[in-house]
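Novice: return atomic coordinates for the entry below.
(3 chains)
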Amino acid sequence: MPDFFSELNPEQLDVVVNGNGPCLVLAGAGSGKTRVITYRVAYLLEQGINPENILLVTFTNKAAGEMVARVQKLTGNEKKLPWAGTFHHIAYKILRFHAPLLGFTQNFTILDSDDSESLIKMCAKGYKGEGGRKFPSASVLHNIISYARNAEMPLREVLDYKYENFIELGGEIEAIADEYSRKKKEANAMDFDDLLVNFLLLLNHPDTCAIYAKKFQYVLVDEYQDTNKIQASIIDRLASTHKNLLVVGDDAQSIYSFRAAQIENILKFEEKYRDAKVFRLETNYRSSQEILDLANNVISNNTKQYKKVLKTLESSGVRPELHPRMDQIAEAQFITEKIQGLLDDGVPPKEIAVLFRAAHHSQMLEMQLMRAGISYDYRGGLRFFERAHIKDILSYLRVMNNLADTAAWLRILMHEEGIGPAGAQKIIEAIKSAETHEQVKSIGFNILGERAKEGWNNFLKVWDELLKNKKKEPAEMIRVILGSVYSEYLESEYMDAEERMRDLEQLAVFAEKYGDTEQFLAEAALQESFNLRGDISKKNNTQEKIILSTIHQAKGLEWHSVFLINLSSGGFPNDRAMRERDGLEEERRLFYVAITRAKRNLTLTYPMASGGAGDFLSGPSLFLSEISEGLLNDHSLLNYNTTVLDDEDADVHYIPEDRPIKIKPGSFLRDVDDF
DNA sequence: ATAGGCTCTGTTTTT
DNA sequence: CAGAGCCTAT
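Specialist: The predicted structure is shown next:
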């Protein structure tokens, strides 16, 4: 049982003890947000609240897992929190129960973005751009459609808002969106957006809403600044009976507007809930004053932001460093040697992170790290469950689970020699009339050409094998597929077949946790688990590895030493993002998030020449030029023409820190008028 | 008409 | 690294 008084500061304790009714917690970077939420939940449990009646919504599954673990540790018992998870997870859990109400069966498939795109591609077939202009690709169409749904905005309005050059295609895009909806329905499938939309639909019905609104006595939402309109509505419904809604967030860390997150949710919370209590967490426990000074300076360039100043009373005496290098190779070498230095100083590997704007920015560094024998964990980019071979295997399970799963059929059929897009389409059409797995065998022959027939026959052998093992658990099924045919395909298709086979073995191991294929597939679709790049051979010793991560994936985390790379113009802020509405401000918030991950050391770098072969000169990031004088140790001039490091002056020694750092109260958030 | 191989290009962020 | 586009073989 935790000692709430000694383990929390007064601000935190206030939230934990008095967080009843509608509450808005404005929590600056590093102010102990997670701590407050976990202690609040522990407090509720201690008051005798049944875990079944607590809803805890987080941004990632990982965050949910961590919080649950911390609550368990605090309360010292095995009380699980059955309703802790992401919006999508919770939506799935409830939707599965009520699927028939919405015209789905319980075994409905969850489509990931890949699947969605392949269905949209089918819907968009035949549409051509006019006047030499390209028709938007499936992925752009998907973005448009998805945004419209998450923002609860009509399609045409979305075009107007952020896709002006497609405005005249409004009619066509609407038609494609409708066709896509139909296809999903037919396939007994929901995409990520459907999980939210249908969940809200369910809650709009008074009877179903009452069930859950009554059930959830306490609703807590983390990262509230990154919720979108539909998520906010869901939460409002779920908290409508007991009105114990505690949302936690920081408008300066809103970095998901591309997914239709709207800061207004946090800014207008008090308008919506007139009797809301507002709490401010104003003590920074994470970073040194030097790092916070930089962060404050950066964010002060945003106009659409609450004004705020993060402060501590202690300084580490070490300013953040800026080190330009000639090109990406030199930059990577520099980082590698710097990291080696930190490791030699005794900094634990897991206290070191390298952050970047886009997943591919890390390539050069990965090569250097491998060469130096420094192992790392990688976060960002293609995730494990999105990799081609993993999706292949999952597709077999998916069609077994849901015969109507078009996207999965497409994937499997195209693997067979002789079957291409056209043949696959015909087969999928025919499968629609099959009601049982057995009936699948009897279709196809009269509609296919010679070569396609052969491919189909080949597939039927696999199908037979699958049917024989239909009742088995997912892990066994996976091993059956691996053992029968897939390995041959893998070898013929990929250079790194062996490595991929090992991945698949991992998948089987992961699947062992599930007795039920349906559950396993849902989990696979909703997991944001990291991919297995880097040093795979020494898996499971996460403690021994440094972290490479996109900034988005670094949200909510902290490290003793942080490197922020590729801060060049064009690299960060990202060119594409700048074309979004308010893109610059969001990029700046992203920069702010990156800076505030660091506890003691922060090193910024950029290559002066980039573009692969080093042909292009690119200056420093706009964000670097905005920084006021005196906040950085700027090594720009010192190293203008060197590619090798020579910065003994920059060496920092590891100070194990656990001293909380206090800030002046009242200096953090002011009123909305400050806009 | 369809499938498949080969080459080139361009890469934001994620449930 | 994978997707689009082009070309060739069936």
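Novice: tell me where the stretch 151-300 of chain A has strands.
Specialist: Counting by DSSP state E, counting those that start in this stretch, the stretch 151-300 of chain A has strands at residues A:189-191, A:218-221, A:245-249, A:277-281.
Novice: which positions within stretch A:550-561 qualify as buried?
Specialist: Buried residues in stretch A:550-561, counted by 16 or more other Cβ atoms under 10 Å: A:550-556, A:558-561. C-beta coordinates here come from the backbone N, C-alpha and C atoms, glycine included.
Novice: can you give me how far the helix or strand where A:P324 lies is from the chain middle?
Specialist: A:P324 belongs to strand A:321-327 when assigned by DSSP states H and E. For strand A:321-327, the separation from the chain centroid amounts to 29 Å (computed by Cα atoms, centre = their mean, to the nearest Å).
Novice: where does chain A dip in pLDDT?
Specialist: A:129-133, A:306-307, A:313, A:381-382, A:444-445, A:528-543, A:610-617, A:637-675 (pLDDT under 70).
Novice: one more pass at 50, please.
Specialist: Within chain A, the stretches with pLDDT under 50 are A:530-540, A:612-615, A:639-675.
Novice: that one against DNA strand C: which residues are in contact?
Specialist: Within chain A, the positions near DNA strand C by Cβ under 7 Å from any atom of the strand are A:121, A:134, A:137-139, A:382, A:387-388, A:451.
Novice: show me which of these neighbour DNA strand B.
Specialist: Counting by Cβ under 7 Å from any atom of the strand, the members of the residues of chain A next to DNA strand C near DNA strand B are A:R451.
Novice: out of the residues of chain A next to DNA strand C, which are buried?
Specialist: Using 16+ other Cβ under 10 Å, the buried ones in those are A:121, A:138, A:387.
Novice: list the contacts for the closest residue to A:E174 other than its chain neighbours?
Specialist: Using Cβ to Cβ, 6 or more residues apart in numbering and skipping residues adjacent in sequence, the residue nearest A:E174 is A:L155, 5.4 Å away. Applying Cβ atoms under 8 Å, 6 or more residues apart in numbering, we find A:L155 in contact with A:144-145, A:148, A:170, A:173-174, A:177.
Novice: for DNA strand C, give me its nearest residue in the stretch 351-500 of chain A.
Specialist: A:A388 (5.1 Å; Cβ to the nearest atom of the strand).
Novice: distance of that residue from DNA strand B?
Specialist: Per Cβ to the nearest atom of the strand, to the nearest Å, A:A388 is found 14 Å from DNA strand B.
Novice: any idea how far A:E493 is from that residue?
Specialist: Distance of A:A388 to A:E493, given as Cβ to Cβ, to the nearest Å: 9 Å.
Novice: quick revisit: same list, the contacts of A:L155, but as TSV with neighbour count and distance to A:P348 please.
Specialist: Shown next, in TSV, are these (neighbours: other Cβ atoms under 10 Å; distance: Cβ to Cβ, whole Å):
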residue	neighbour count	distance to A:P348
A:I144	22	45
A:I145	23	45
A:A148	22	46
A:G170	17	55
A:I173	25	51
A:E174	16	54
A:A177	20	50
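Novice: dump the residues of chain A next to DNA strand C into CSV; add secondary structure as well.
Specialist: Shown next, in CSV, are the residues of chain A next to DNA strand C (DSSP: H, G, I helix; E, B strand; the rest coil):
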residue, secondary structure
A:K121, helix
A:K134, coil
A:S137, coil
A:A138, helix
A:S139, helix
A:L382, coil
A:R387, coil
A:A388, helix
A:R451, helix
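Novice: nearest to DNA strand B, of the residues of chain A next to DNA strand C?
Specialist: Among these, and counting by Cβ to the nearest atom of the strand, the member closest to DNA strand B is A:R451, at 5.9 Å.
Novice: the nearest residue to that closest one once chain neighbours are set aside: which element?
Specialist: The shortest distance from A:R451 to any non-neighbouring residue, by Cβ to Cβ, 6+ apart, is to A:G418 (3.5 Å). For A:G418, there is no host helix or strand (DSSP H and E).
Novice: next, count neighbours for A:G418.
Specialist: Neighbour count for A:G418, taken as other Cβ atoms under 10 Å: 16.
Novice: for it, give me its contacts.
Specialist: So A:G418 contacts A:451-455 (Cβ under 8 Å, 6+ apart).
Novice: repeat that for 6 Å
Specialist: Counting by Cβ atoms under 6 Å, 6 or more residues apart in numbering, A:G418 touches A:451-452, A:454-455.
Novice: got a ChimeraX select line for the buried ones in the residues you listed?
Specialist: Per 16+ other Cβ under 10 Å, the buried members of the contacts of A:G418 correspond to this ChimeraX selection:
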select /A:452,455
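Novice: helices - which of the contacts of A:G418 land there?
Specialist: Counting by DSSP state H, these place A:451-452, A:454-455 in helices.
Novice: where's the residue nearest to A:R451 relative to A:Q106, distance?
Specialist: 36 Å.
Novice: do the same with A:S636
Specialist: 61 Å.
Novice: so A:G28 sits right up against A:L310, yeah?
Specialist: Yes - A:G28 lies in contact with A:L310 (Cβ atoms under 6 Å); the separation is 5.3 Å.
Novice: now do the helices in the stretch 101-250 of chain A.
Specialist: Using DSSP state H, counting those that start in this stretch, the helices of the stretch 101-250 of chain A run over A:113-124, A:138-150, A:155-162, A:170-186, A:192-204, A:206-215, A:229-238.
Novice: and if you look at the stretch 451-600 of chain A?
Specialist: Counting by DSSP H, counting those that start in this stretch, the helices of the stretch 451-600 of chain A are A:474-481, A:487-493, A:497-511, A:517-526, A:551-554, A:583-595.
Novice: out of those helices, which one sits most buried?
Specialist: helix A:583-595 (a mean of 23; mean count of other Cβ atoms under 10 Å).
Novice: tilt between that one and helix A:155-162?
Specialist: Orientation note: helix A:583-595 sits at an angle of 80 degrees relative to helix A:155-162 (axes from the mean of the first three to the mean of the last three Cα atoms, to 10 degrees).
Novice: who does A:S568 bridge with?
Specialist: A:P620 (DSSP bridges).
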